[in-house]
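Chemist: Only the shape, not the letters, is given here:
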């Protein structure tokens, strides 16, 4: 099995978990800061998230009476990613560098794709629940691909990714 | 990753993602989970897979995706700065500020926001640039993150050689020119390509495809 050092894997896992929790906290912080009157900080966070999400209020969960930093589907993906990270050590070895079979990733993307496409084409109206649940599924599965990739990347980086070629 | 030819995949993936993200209108696709960045990272990973004889590791996909994201961020900044300075897309910003006012239930806050909107309308290009710079920097950081994700997912989706055994490793000190008569030297062909720019026959070696 292609595995790396446990310490490096733990570092990657801890950093990824910390960043994911920080990201989710910012999603919640945007409406909370608006409600508390910290408008400038809230506006910066909302504008930052506008780079990755449409933020339509009618498609967003509300927190403290204001829409969250991202829409319900994105919020579901990020929440699912944290859930996936929490489950990861119980399902796979943290040191594992190889991805799970690709059909799992494709299969996890199918429900959210159908939910999105059905809404766009007009076949059916997706709901908060369908957007969030399909997002959670995709996010949770994505964590099982991101973690081994970053573990492998750190291993390569430590092994001298940045070193110039000797024959150049 | 040193032995990999990752520069061209990262450059192409990054330029594609950066240009598509920077064009007003088309760049709105990034509202769907940074779609152009995921596509750019995946393109870079796919190109790296195509030009590498051995299976690409997941970490190498992340690295080429991150490189593509850095390039995309640079291209995006280069495209966005003139648009901001010359106030292209000002209406979008105005609509966003109006939306923020509508969300607020506090009359004092609404009054403050209206003043901010009036001030932003009368800003000079330099002031506009200073106001927008933090948002651009945050966007650039997000670009690297999402493009890395695209590179990872690109390897997960497109690398089909993972279960193949690795190529044989030659022991240290193995003669580099073994076998001795490889590649075969063909005798010069009469009436070949002729010109100085010709390739193949008159130089020996394999004919160029």
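Modeler: Everything's here; your move. Note that the structure is a prediction, hence the values are computed from the model and not measured.
Chemist: Skipping its backbone neighbours, what lies nearest whichever residue of chain B sits closest to chain A in space?
Modeler: Nearest residue of chain B to chain A: residue B:59, at 2.9 Å (CB to the nearest CB). Glycine gets a C-beta too; all of them are placed from N, C-alpha and C. Once flanking residues are discounted, residue B:59 sits nearest to residue A:152: 2.9 Å by CB to CB, 6 or more residues apart in numbering or on different chains.
Chemist: neighbours around that neighbour, how many?
Modeler: Residue A:152 is flanked by 28 other residues according to other CB atoms under 10 Å in any protein chain shown.
Chemist: Repeat that for residue A:122.
Modeler: Residue A:122: 7 neighbours (other CB under 10 Å).
Chemist: so the residue of chain B closest to chain A touches residue A:151, yeah?
Modeler: Yes: assessed by CB atoms under 8 Å, residue B:59 is found in contact with residue A:151 at 7.3 Å.
Chemist: list residues touching both of the two?
Modeler: Common neighbours of residue B:59 and residue A:151, using CB atoms under 8 Å, 6 or more residues apart in numbering or on different chains, are residue A:97.
Chemist: helices and strands around the lengthiest helix in chain B, which ones?
Modeler: Counting residues, the longest helix found in chain B (DSSP state H) is helix B:125-158. Packing partners of helix B:125-158 (3 or more CB pairs under 8 Å, 6 or more residues apart in numbering or on different chains; DSSP states H and E): helix A:39-49, helix A:102-121, helix A:128-158, helix B:7-22, helix B:35-50, helix B:58-85.
Chemist: residues of the second one that come out buried?
Modeler: Taking 16 or more other CB atoms under 10 Å in any protein chain shown as the neighbour-count basis, helix A:102-121 is seen to contain the buried residues A:102, A:105, A:108-109, A:112, A:115-116, A:119.
Chemist: Now render those residues as TSV, adding distance to chain B.
Modeler: As requested, those are arranged in TSV below (distance: CB to the nearest CB, whole Å):
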residue	distance to chain B
A:102	5
A:105	6
A:108	11
A:109	9
A:112	10
A:115	13
A:116	8
A:119	12
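Chemist: Generate JSON lines for these, with pLDDT as supplementary columns.
Modeler: What follows is these, written out as JSON lines (pLDDT from 0 to 100):
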{"residue": "A:102", "pLDDT": "87"}
{"residue": "A:105", "pLDDT": "90"}
{"residue": "A:108", "pLDDT": "94"}
{"residue": "A:109", "pLDDT": "92"}
{"residue": "A:112", "pLDDT": "91"}
{"residue": "A:115", "pLDDT": "91"}
{"residue": "A:116", "pLDDT": "88"}
{"residue": "A:119", "pLDDT": "82"}
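Chemist: quick one: which of those is nearest residue A:67?
Modeler: Proximity of these to residue A:67 (CB to CB) peaks at residue A:119, which lies at 18.3 Å.
Chemist: so what's that closest one up against?
Modeler: Contact analysis of residue A:119 by CB under 8 Å, 6+ apart lists A:125-126.
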